[in-house]
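> What follows is a protein structure lacking sequence information:
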């Protein structure tokens, strides 16, 4: 992390970068992703925090490696290639709370 960059600036940059991404969910402060919450969903659930002592940005992400990682990713790419809505035929809700 560059000196002089605040945790709030890092958070704002990530929020802006993923604001229009339907298959990426940036969790609110204090919430952490879990594999159970993304099971069966074409969703990448992320949390970003700044470790000020180490001067690093730490990102934790959970995905279902079949739905988001392989099959869902292929469907998502095919949708984009065919000019369809990116999420057509894909669940963005996990089957476990």
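Cool, got the structure. Only a predicted model underlies this, so the values are computations on that prediction, with no experimental measurement involved. Residues are numbered from 1 along each chain as shown.
> Next, the residues that contact the helix or strand bottoming out on mean pLDDT in the chain from outside, please.
Least confident helix or strand of the chain, by mean pLDDT, DSSP states H and E, is helix 35-38 with a mean of 90. Contacting residues not belonging to helix 35-38 are listed as 44-45, 62-64, 67-68, 94, 96-97 [CB atoms under 8 Å, 6 or more residues apart in numbering]. Backbone N, C-alpha and C define where each C-beta goes, glycine included.
> Past that helix, which element shows up next along the chain?
Later in the chain than helix 35-38, the nearest helix or strand by DSSP states H and E is strand 44-51.
> Strand partners (parallel or antiparallel) of that next one?
Strand pairing for strand 44-51, determined by DSSP bridges: strand 24-26 (parallel), strand 56-62 (antiparallel).
> from the chain's centre, how far out does the shortest one sit?
In this view, strand 24-26 has its centroid 3 Å away from the chain centroid, taken as CA atoms, centre = their mean, to the nearest Å.
> same question for that strand, mean pLDDT?
Mean pLDDT, strand 24-26: 96.
> for the last one, same thing?
The pLDDT scores in strand 56-62 average 95.
> Centre of the chain to it, how far?
Its chain's C-alpha centre and that of strand 56-62 lie 10 Å apart, by CA atoms, centre = their mean.
> elements contacting the very next helix or strand once past it?
Using DSSP H and E, the helix or strand that follows strand 56-62 towards the C-terminus is helix 72-81. Helices and strands touching helix 72-81, by 3 or more CB pairs under 8 Å, 6 or more residues apart in numbering; DSSP states H and E: there are none.
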